[in-house]
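# Here is the input, now give the coordinates:
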Amino acid sequence: MAKVKVKLQKMCATGADGRAPFMESLRAVRRQSLPAKTFYWLNKLSAVLEKEFTDYEAARIDLVMRLGTKIEGGGYAVPPEKNDEFQKEMASLNLEIELPLDDTVKLALPASGVAEDWFALMAELDIFAEPPA
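Numbering: from 1, shown residues only. Purely as a prediction, here's the structure:
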């Protein structure tokens with residue numbers, strides 16, 4: 001039995017729109033009506049993942065503020081000449097996060113769930129059982 005792991009950068013990845021699909025998927029799924037076992041484990045996973053996401057975002061924002069310059073309208077942007085340094089620093093955060101779940105646990109997807117909400121989680125975590133035929 002091995003622990004389930006997820007790469008921090010994949011979990012915290014944001015698109016150009018600033019959204020984090022993995023975390024949004026986790027939050028959307030937790031709002032659905034879930035089987036008790038799935039609800040229990042997703043709550044446990046969420047406690048770890050939300051903390052890691054918050055810490056990662058704080059480190060990313062700090063780095064942007066240190067390497068970046070203030071832009072008109074508020075916020076900061078990393079100039080092109082510092083992009084390599086920014087990318088190298090961010091790559092140093094690509095840790096593997098061990099989750100409080102072993103790889104033998106398989107969670108049931110709710111029949112009434114919104115399938116699209118699950119896609120980002122299913123792409124990164126192999127913890128979901130095949131739906132019944």
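
# Going by C-alpha atoms from here, please, whenever you check contacts or count neighbours.
OK.

# Report the residue spans of the chain with pLDDT below the cut-off.
113-114, 131-133 (pLDDT under 70).

# again, only using 80
By pLDDT under 80, the weakly predicted segments of the chain are 1, 110-115, 130-133.

# which residue ranges form the helices in it?
Remark: helices assigned in the chain by DSSP state H are 8-12, 21-30, 36-67, 83-91, 115-124.

# Same list (these) but as a markdown table, adding distance to residue 76 and mean neighbour count.
As requested, the helices of the chain are arranged in a markdown table below (distance: least, CA to CA, whole Å; neighbours: other CA atoms under 10 Å):
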| stretch | distance to residue 76 | mean neighbour count |
| --- | --- | --- |
| helix 8-12 | 19 | 19 |
| helix 21-30 | 23 | 18 |
| helix 36-67 | 6 | 15 |
| helix 83-91 | 13 | 13 |
| helix 115-124 | 28 | 15 |
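
# Need the ones you listed in CSV (columns: distance to residue 97).
Listed next are those as CSV, based on distance: least, CA to CA, whole Å:
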stretch, distance to residue 97
helix 8-12, 6
helix 21-30, 14
helix 36-67, 8
helix 83-91, 15
helix 115-124, 12
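
# Nearest spatial neighbour of residue 42, chain-adjacent residues omitted?
Of all residues beyond its chain neighbours, the one nearest residue 42 is residue 30 (7.1 Å), with distances taken as CA to CA, 6 or more residues apart in numbering.
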